[in-house]
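Participant: mind folding the following:
(one chain, ligands or ions: 3)
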Amino acid sequence: MVGHRMATTVLVGAQWGDEGKGKIIDVLTEQSDVVVRYQGGNNAGHTVEVGPEKYVLHLVPSGILYPGKLNIIGNGVVVDPLALLEEIDHLQKRGITVNGNLLVSDRAHLVLPYHRLLDALREKQKGKGKIGTTGRGIGPAYADKVGRTGIRVVDLMSPAQFAEKLRFKVRETNEIARTFGLKLLSFQNINEQYLEVARKLKRYVADTIKLLNRFERDGKEILLEGAQGAHLDIDFGTYPFVTSSNTTAGGACTGTGIPPHRINRVVGVMKAYTTRVGEGPFPTELHNDQGTQLRETGREFGATTGRPRRCGWFDAVATRYAVMVNGIDELAVTKMDVLDALPKIKVCVAYKLNGKVTDSMPADVELLNRCVPVYQEFDGWMTSTKDAREFDQLPKKARTYLQKLAQLSGSKLSIVSVGARREETMFL
Ligand code: GDP
Ligand code: IMO
Ligand code: MG
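Facilitator: Ligands and ions are numbered 1, 2, ... in the order given. Below is the predicted model of the structure:
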């Protein structure tokens, strides 16, 4: 693995997000020239630990922590420019160079204040049926994109164009604000504020589509960094409890301009168990002490919102589906060390629905909520895996467990992670 050419690789989350993508991206960045985000926005929180330092990246690709790599925010990402500038500022204050190594697509759509407002309003209106979004305005921003009233980075670069589009959106949003008795937005204030933002953002803006295609032709190693996970995908996830983008491998093409036949490899990241933040079905969720133990040992608290993550056993029905829709050829399994102290570990191998065993995920979330996992039980290895650096150094029972996860998911085991740090990684 290490050393051999990767060409163009897509890395995706194979569960409900927070699989440890940031860590694996960081490890793979060493062999890459360019790291590209292709969907989502600052709803993502990708943690990378380098030595004693811990960084949480939201919009900036995780390759930023490696000197000499180019980082691109692709056209498929929704960019909150205030959040981006703040993130850049924060990184620079911590000694990370952000100068000439970060570009933003001129075609990326913007997340603007009214998107955050509408995100919060919609969640409130939904009451008990809320999605549990990150509140970053992601859904409304993608809705505007598809509804053809979005405002793009390229518009922000042209004050007249920006003002015209903003005026329309502020008028439209204020009608909603009036209906719900909310404070009205001021076109003037937003317009002025974003003129200043445009000035600061300008140096990062580029035609990243052309650039990426040239890199691709020149044989550069390109790493496409997925955010969220397969079951949060707008098409393949547990709709409506999903995010508003294609988190799966297909999104890497539409979100960067790299054509499908130019993608050479798809790496799927999955935890050795399962977590989910926010609402929505989660068949293997543990509502008992075992769930609490996973949350505490795995430090399962959201990297973006700090919310406790819901925890449960590994769900092979869900990961098999993720392998299928992404075409995952290599699996990276993270957080094996979190299971070190467990005497018994369960894996969901099928669901039982209305007394019948099924191995597929129903489209209807109400049905998915009624699915009861069929578990296979494994003996725990009851010893620390933290120091293993080669697959063969893992306890036999841990190896058996990993091989079973790969076999049940229908793909090949390629990377195993036993800690948050770079060196706590093994390649097969
Ligand atoms: P992402 O959104 O997929 O990048 O994942 P997050 O960063 O939101 O959450 C994963 C968390 O697990 C982070 O705190 C990582 O530092 C941590 N992590 C990643 N891999 C491992 C691992 O193998 N073992 C342990 N204990 N922690 C890990
Ligand atoms: P990373 O990239 C985990 C979840 C939210 C909510 C749903 C919709 O760190 O894996 P949104 O704000 O996107 O409209 O929220 O999606 N969600 C995530 N869960 N990891 C993420 O990103 C997530 N990004 C969004 O909790 O359930
Ligand atoms: Mg995360």
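Participant: can you name the residue of the stretch 201-350 of the chain nearest ligand 2?
Facilitator: Nearest residue of the stretch 201-350 of the chain to ligand 2: Gly278, at 2.2 Å (CB to the nearest ligand atom). No exception for glycine: its C-beta is placed from N, CA and C like everyone else's.
Participant: for the longest helix along the chain, which helices and strands make contact with it?
Facilitator: Assignment by DSSP state H gives helix 159-179 as the longest helix of the chain. The contact analysis (3 or more CB pairs under 8 Å, 6 or more residues apart in numbering; DSSP states H and E) places helix 159-179 against helix 113-126, helix 153-156, helix 187-201.
Participant: residues touching the residue nearest to Gln293 when sequence neighbours are not counted, list them.
Facilitator: Distances taken as CB to CB, 6 or more residues apart in numbering put Leu342 closest to Gln293, at 7.8 Å, once the chain neighbours are dropped. When contacts are counted by CB atoms under 8 Å, 6 or more residues apart in numbering, Leu342 touches Gln293, Gly380, Met382.
Participant: in terms of helices and strands, where is the closest residue to the second one other than its chain neighbours?
Facilitator: Closest residue to Gly380 apart from its sequence neighbours, by CB to CB, 6+ apart: Leu342 at 4.3 Å. Assigned by DSSP states H and E, Leu342 belongs to no helix or strand.
Participant: sheet-wise, list the partners of the longest strand along the chain with their directions.
Facilitator: Taking DSSP state E as the criterion, the chain has its longest strand at strand 344-353. Paired strands of strand 344-353, with direction, are strand 314-315 (parallel), strand 356-358 (antiparallel), strand 372-379 (antiparallel) (DSSP bridges).
Participant: and the next helix or strand after the longest one, how far out from the chain middle?
Facilitator: This means strand 372-379. Using DSSP H and E, the helix or strand that directly follows strand 372-379 along the chain is helix 396-409. Relative to its chain's centre, helix 396-409 lies at 24 Å (CA atoms, centre = their mean, to the nearest Å).
Participant: ok, now stretch 12-23?
Facilitator: On CA atoms, centre = their mean, the centre of stretch 12-23 falls 6 Å from that of its chain.
Participant: for it, C-alpha coordinates in CSV please.
Facilitator: Taking Å, rounded to 0.1, in the frame of the first residue of the first chain, the C-alpha atoms of stretch 12-23 are listed here in CSV:
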residue,chain,number,x,y,z
VAL,A,12,-15.6,8.1,2.0
GLY,A,13,-17.3,7.4,5.3
ALA,A,14,-19.1,4.1,5.2
GLN,A,15,-21.4,4.6,8.2
TRP,A,16,-23.1,7.7,9.6
GLY,A,17,-20.1,10.0,9.7
ASP,A,18,-17.3,10.5,12.1
GLU,A,19,-15.6,7.2,11.1
GLY,A,20,-12.2,8.7,11.5
LYS,A,21,-11.9,10.0,7.9
GLY,A,22,-9.7,13.0,9.0
LYS,A,23,-7.2,10.6,10.6
